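Engineer: pasting the structure only:
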């Protein structure tokens, strides 16, 4: 009975997620189209092609890999929301991971699915509201948000975020974390190409490598 | 209609889209809360998840707002508002906008005055990252199904698999923190700034953990991550002053 119910909830999340996803996808493309129609404007083809050429190959490749990397971590509901509202690695995922950890539930369980969805939904709502307030108050807020004093604080949000998160996860999985942490430190220190802009590409590399190490250690009875 | 980057019609269109996106979040929130009750997850756990997620989100959301302000100089407010409320991230939207602006020959900081230039940038930003929004409705169920099979076949491995994924992601970001450390051999200490910021954040997390277990301040664990995040960000200000730090635009 319990299993049947679980199937039902997940099934309905997928059904609703698809409907919302398709509607929002449609609206997202409708927006540039309506702007073109309203202002009677046509894109300038050469800059459009150049801009797409500079952006599309890399971000489509990264985006494709991100789907496979993040879906298992975010859960179904979390995925349908996160891929619409964005800011996954710097906001939604750490938020959901922390919430699941504190609630003591696993991402692969239905409890994990529910907690992750709640956490990501709240995070999306709060982000959207803060940006709305910010847009309304943009004139008085601009000098504060752009003050050179605060600049490093906003720019260094990732180290400030992952320091705390690393403590939680590494302390609980000390043995398993040694190999991936050493690999990633070595890669980022010695490969000049790897930096803030390319860290997104390294997330799937880190995930796959850690999974492989985990599998070997598990088979050898080390975990 | 006469074009301006801050034309009211743009705000109306963006407002509608954002309202739909907000409605989706509210819908899934209510659905999950209802399911949590059925699963017997305690009301206090649900409440804690809601409050601590909300508190945690504030600082990163303000960082996103900084991105809106930065982009609004050339693109007006409406477009960055939309783009940073949906799909991408600060890094992506900035790169995509700059790629399009550069291709169109608009210098950084000057406002777009021409509708066709505006729609060019708009299409680049929309198409450049559209893969997620197009594919997610169709592939999520398959990927999810595969995951559940792993957990069902071998429970212990399922759990290790789960931890290994998160560790893999965290290790990549830890690596990034150290990416400029080797500059110290060139006499530049700026590369140490992110490392020290991370250390401060980690230290606050350790202190929170100790306080909550030794003094039984259980509530502290709910706010440990936002506290270490904000502590780390605050520490970034004097650390950048002390060690130097270049903000890459």
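Structural biologist: Received, thanks. Please read these numbers as outputs of a predicted model, since none were measured by experiment.
Engineer: contacts, neighbours, all on C-alpha from now
Structural biologist: Noted.
Engineer: got a pLDDT number for the spatially most central residue of chain A?
Structural biologist: In chain A, the residue lying closest to the centroid (C-alpha atoms, centre = their mean) is residue A:88, at 1.8 Å. For residue A:88, the pLDDT comes out at 90.
Engineer: any figure for the gap between it and chain B?
Structural biologist: 8 Å (C-alpha to the nearest C-alpha, to the nearest Å).
Engineer: which residue packs closest to that residue, ignoring adjacent ones?
Structural biologist: residue A:82 (6.2 Å; C-alpha to C-alpha, 6 or more residues apart in numbering or on different chains).
Engineer: and the average pLDDT for the helix or strand where the one you found lies is what?
Structural biologist: Taking DSSP states H and E as the criterion, residue A:82 maps to helix A:45-85. Across helix A:45-85, the average pLDDT comes to 90.
Engineer: how about stretch B:94-107?
Structural biologist: For stretch B:94-107, the mean per-residue pLDDT is 81.
Engineer: same thing with stretch B:30-50?
Structural biologist: Averaged across stretch B:30-50, pLDDT comes to 95.
Engineer: what about it, how long is it end to end?
Structural biologist: By C-alpha to C-alpha, to the nearest Å, the extent of stretch B:30-50 from end to end equals 12 Å.
Engineer: which residues does residue B:21 contact?
Structural biologist: A:24, A:84-85, B:86 (C-alpha atoms under 8 Å, 6 or more residues apart in numbering or on different chains).
Engineer: among those residues, who's most crowded?
Structural biologist: Neighbour counts for those (other C-alpha atoms under 10 Å in any protein chain shown) peak at residue A:85, which has 29 neighbours.
Engineer: so it touches residue A:125, yeah?
Structural biologist: No - between residue A:85 and residue A:125 there is no contact, the gap being 9.4 Å when judged by C-alpha atoms under 8 Å.
Engineer: ok so, going back, reformat the contacts of residue B:21 as TSV; add distance to residue B:138.
Structural biologist: Shown next, in TSV, are the contacts of residue B:21 (distance: C-alpha to C-alpha, whole Å):
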residue	distance to residue B:138
A:24	14
A:84	14
A:85	17
B:86	19
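Engineer: okay, now residue B:48: neighbour count?
Structural biologist: Residue B:48, neighbours per other C-alpha under 10 Å, totals 18.
Engineer: shaky segments in the chain?
Structural biologist: Answering for chain A, as no chain was given. Chain A contains residues with pLDDT under 70 at A:1-7.
Engineer: try chain B instead
Structural biologist: Residues of chain B that meet the criterion pLDDT under 70 lie in B:88, B:108-109, B:248-249.
Engineer: now with 80, please.
Structural biologist: Scanning chain B for pLDDT under 80 picks out B:1, B:87-91, B:104-109, B:147-148, B:150-152, B:218, B:246-249.
Engineer: quick revisit: which residues sit in contact with the residue nearest to residue A:88?
Structural biologist: Contacts were defined as C-alpha under 8 Å, 6+ apart; by that measure residue A:82 touches A:88, A:92, A:120, A:124, B:87.
Engineer: before we move on, the earlier item: for the contacts of residue B:21, which one is nearest residue B:171?
Structural biologist: residue A:85 (24.4 Å; C-alpha to C-alpha).
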